[in-house]
Structure formats: C-alpha cells, structure tokens
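> Build me a structure from this.
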Amino acid sequence: MELTEKSAREASPDILESAYRRMSWRLIPFLFLCYILAYFARINVSFAKLQMLQDLSISETAYGLGAGIFFIGYVVFAVPSNLILERVGPRRWIGTLMIAWGLLTVAMLLTSDIASFYLFRFLIGVAEAGFFPGVIFFFTRWFPSERRARVIAMFMAAAPLSSVIGGPVSGWVMNTLSAGALGLANWQWLFVIYGIPTVAVGFMVKPCLPNSFEEAAFLSAEQKQLIRLELARDRARNSPSAGARQSVLAFLRSPVVWYFSLVYFFIEMGEYALGFWMPTIIQHSGFSDIQSVGLLSAVPYLVASLVMIAVGRSSDLRNERRWHLAVALLVGMVGLILAARFAHHGAVALTGLTLATCGVMAAFPVFWSVPTKLLGASAAAGVAFINSMGNLAGLVSPWLVGWTMDLTASTDLALYIVAACAFLGAMLFALAPASLNGKNP
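Numbers count the residues shown, from 1 in each chain. Prediction:
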C-alpha cells in the first residue's frame, strides 16, 4: 500500500527507527573502513618523514610544502570528482578512487628527491579528492538533517581512529624495519603496507555499497517509502528552493558557501597541523624512541574518537549546532596553547595535544550537519566546494609548521597561530545568524 505523508506520520515510529538502524549498520562500518584507509594515505608521511627527510636531504619547510601539495590536487579536483560521483553513482566512483590512491600510495616508495615527492603527493590528492565530500553527499540521500551529525560523527571517527591504529603500526614498521628489508628503507615499506589494503578494499566497494536506499535489499518496501517521505519533508522544510538546481559557478557568488568555507578552513588548520606534525611534536617533547612516539600519538586520537561521537549525538538530540561547534573549537584552542607553552614537558604537552585533537575533531560532524541541511538539492557541488576551499588549510598549515621549525627549531609559534585560527572559527560560527548555523525557525 502506498503511504501518504499523513499516513507516514501516523505509522509506527519503530518502523522508521528500524530502517535507520539497518542503514547505519550496513553503511557506516564499511565507509568507516574506507575513510581509515583514506586518512592513512593522507598523513602516512608524518611518520615516514622521521627517516625519509634524512635519506633524501629534504628540509622541514620542503616537507611541509610537500605534505600540503596533496591539497592542491584535492582542491582542484574535488568539485569535478563529486559531480562525476553524482552522475555515475557512489559504488562505481568511490571504488575507482580508492584503487587509484592505493596504487599511488604504493608508488610513493619510488620517491627519490623533492620533485618526485611533490608529484606523488599531488597525484594522491587528485585521486582522493572526491572521497570525503562524496560520502557526505551520499549521506544526504539516506538520512534527514536532524540525524546527520551523529551519522557523520560515526563515519568521521575513522579519522582519529586511523591514527590510533596507524600510529603504533607506523612506529613498529619504522622501528622494526629500520635496517631495511628486500632493499627497501623503512619509510618505503610504510607506503607499501598502507597502499595494498586500500586497493583491495577498493575492489569491494561495488558489491558492498548500494547507490541509494532505493537499491538497498536490506530495507522493506514500507521502510523505503517512509524514508522517501522523510527526506522529501526535510528538503521542503530546510531548503525551500531545493527543487531548483544551481550551477557550480553559482556557488562562487553565494555568501553562505563562502562563509562555511572560511569556518571550515579554520577547523582544518588545526586538523592538519596535528595530523602532519603530531609525531614530531611528541618526539620533541622528550620521547625519542620511534615506537614510543607511535604509541603515544594514538592517545589523543583514541580519546577524540569517543568525544566526537558523543558531541555529534548531543548536537542532534538537542538540535543545537552553534555552541557545540564553538565550544569544541575553544577547547581545541586551549589544547594547542598548552602543547606550545609546555612543549618540553612530555605529560603536559600530550595532555594539550589530546585536548586539541578532541576539540578540533568534535567540530567536524557538527559543522557538516549544517551546510548539508541548507544546500538541499545542490549539496553535491556545494559540499565539494566548501570542502575544497576549507582544505586549502591542508596546504597552509603543514607548510607553516615546517617553516617555523626551520626558522626557530620549534613548533611553538605555529601552534599559537593555529590556536588563533581555532578561536576565529569558534567566534565566526557563534556570532553568525541563526539561519546559518542550522537552527530551525
């Protein structure tokens, strides 16, 4: 029997809740695994640098620029990649992207000088550009806006947890294979070990990931109809003009999109300063053994993965975005200041890094629940554009830390600057009109 909107409202909420639980269990664990591998590809150089820079005679500034060049490819190709995903479907495009960046990660073992380092980082950025904004757009086609923060939080918990797994594994590889094996240096093995699983999972995407809830065999016809009506209601309530699609160029003229891009830039400044330099900061705080550095670098991310899920859930339950995001960034700011001020006091520096990581990572799911709610039918291009502009921080932040290290032999100045960015992001979001932070009238 075809459900009307009225009958849908009268239907047992248990049917809809069961559908959302099924979708969460069938989609999020697999996408979680994919994002862990994506994050490995993005930041594995943070451990490789501990030996690679010496082997290839690369300066800290040059490393910071190379780490950031990833985001030139990422920024340029994110919107086109997301538009391709919308046209051909997630199951085909996400798998293709994963196979591409997995093979390029393995190819990083061929890095022989600064030019090849820059080239491989750029190409990996191109390949990975469509993955994250593609998944965020994918969620808009399954979950209404009031459920999105917790869903995005569970998915994005892969970012901190990738460091929980990757830190100890990277430390073990760098320490155990320090003498090299089969003619490869330890940092070369790091790229091989992270690249091959990505290719394998890439081939699994097509059979494991439905393009939309309409194709999901695990949902009943009644559940699909209820979800269809919920999504239509959500679009009508939050985006009155959702029926009219916008061109990509229209986003260049949208103050709302530029506003979200700026806020996201400030959040990403913190993420990438921590992501690309966490092992170095811990090493300089008094822990010289690489395996110990790997284990300790997992601590901030383990705590942050739990905090970000709790904050995302709290934000959804209270339908409140403004202060959940602002307070999270202010906590991140305090943590960055602590890490800089007590850089040579191991326990205090690690506490600061933990607070900083919790604050920055907790801001992400709250942030993404807002633009995906407001952009409506144009979410694919809009999300990719915001993600692209915000990820320019991935170019600026690692270079900034590397430059200050070469200049002052310390990361302190860079951490203070990144802390100021966290403060600006918090204030910008907290002081914005209610219509721009997701609060329904």
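> For residue 441, give me the pLDDT.
We have a pLDDT of 33 for residue 441.
> change the start of the numbering to 46 and stick with it
Okay, using 46 as the starting number, the last item reads as residue 486.
> Which strand or helix spans residue 461?
Element membership of residue 461 [criterion: DSSP states H and E] is helix 457-475.
> which residues sit against that helix?
For helix 457-475, contacts defined as Cβ atoms under 8 Å, 6 or more residues apart in numbering pick out 304, 307-308, 310-312, 314-315, 318, 322, 326, 367-368, 370-372, 374-375, 377-379, 381-382, 384-386, 388, 404-405, 408, 412, 438, 442, 445-446, 448-450, 452, 482. Glycine gets a C-beta too; all of them are placed from N, C-alpha and C.
> Please pick the buried ones from those residues.
Neighbour-count burial within these applies to 304, 307-308, 310-312, 314-315, 318, 322, 326, 367-368, 370-372, 374-375, 377-379, 381-382, 384-385, 388, 404-405, 408, 412, 438, 442, 445-446, 448-450, 482; the criterion is 16 or more other Cβ atoms under 10 Å.
> Show me those residues that map onto strands.
Secondary structure from DSSP state E places none of the buried ones among the contacts of helix 457-475 in strands.
> In helices only, show me those.
Using DSSP state H, the members of the buried ones among the contacts of helix 457-475 that fall in helices are 304, 307-308, 310-312, 314-315, 318, 322, 326, 367-368, 370-372, 374-375, 377-379, 381-382, 384-385, 404-405, 408, 412, 438, 442, 445-446, 448-450.
> which regions of the stretch 296-445 of the chain sit below the pLDDT cut-off?
Where the stretch 296-445 of the chain drops to pLDDT under 70, the residues are 296-298, 320-322, 329-336, 339, 388, 417-426.
> low-confidence ranges in the stretch 46-195 of the chain?
46-58, 87-88, 92, 95.
> How many neighbouring residues does residue 477 have?
Residue 477 is flanked by 17 other residues according to other Cβ atoms under 10 Å.
> Skip the chain neighbours and tell me the closest residue to it.
residue 304 (7.0 Å; Cβ to Cβ, 6 or more residues apart in numbering).
> The one you found contacts residue 435, correct?
No: with contact defined as Cβ atoms under 8 Å, residue 304 does not count as touching residue 435 (11.3 Å).
> where's residue 142 relative to residue 177, distance?
Residue 142 sits 10 Å away from residue 177, going by Cβ to Cβ, to the nearest Å.
> Please read the previous query as pertaining to residue 77.
Here the criterion is Cβ to Cβ. By it, residue 77 lies 13 Å from residue 177.
> Also residue 368?
Residue 368 sits 25 Å away from residue 177, going by Cβ to Cβ.
> now the helix holding residue 461 against helix 367-386, angle please.
Interaxial angle, helix 457-475 versus helix 367-386 (axes from the mean of the first three to the mean of the last three Cα atoms, to 10 degrees): 170 degrees.
> ok, and for helix 457-475, which residues are buried?
Under 16+ other Cβ under 10 Å, the buried positions of helix 457-475 are 457-464, 466-471, 473-474.
> of the residues you listed, closest to residue 153?
Within those, distances to residue 153 taken as Cβ to Cβ reach their minimum at residue 459, with 25.0 Å.
> what about that closest one, distance to residue 442?
Separation of residue 459 from residue 442 (Cβ to Cβ): 8 Å.
> Likewise for residue 210?
23 Å.
> Could you do residue 342 as well?
According to Cβ to Cβ, residue 342 and residue 442 sit 17 Å apart.
> same check, this time on residue 448
From residue 448 across to residue 442, the span is 11 Å (Cβ to Cβ).
> One more: residue 131?
Counting by Cβ to Cβ, the gap from residue 131 to residue 442 is 29 Å.
> just residue 127 next, same as before
According to Cβ to Cβ, residue 127 stands 23 Å off from residue 442.
> With residue 65 instead?
Noted for residue 65: a distance of 36 Å to residue 442, by Cβ to Cβ.
> quick revisit: need the overlap of contacts for residue 459 and residue 442.
residue 318.
> Identify the residues contacting residue 90.
With contact taken as Cβ under 8 Å, 6+ apart, residue 90 is in contact with 97, 108, 111-112, 166, 321.
> Can you add distance to residue 203 and give the residues you listed back as JSON lines?
Formatted as JSON lines, the contacts of residue 90 follow (distance: Cβ to Cβ, whole Å):
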{"residue": "97", "distance to residue 203": "25"}
{"residue": "108", "distance to residue 203": "25"}
{"residue": "111", "distance to residue 203": "24"}
{"residue": "112", "distance to residue 203": "20"}
{"residue": "166", "distance to residue 203": "21"}
{"residue": "321", "distance to residue 203": "18"}
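> Keep only those of those residues that are in helices.
97, 108, 111-112, 166, 321.
> Which one of those is nearest to residue 252?
The closest of the ones in helices among the contacts of residue 90, once distances to residue 252 are taken by Cβ to Cβ, is residue 166, at 31.1 Å.
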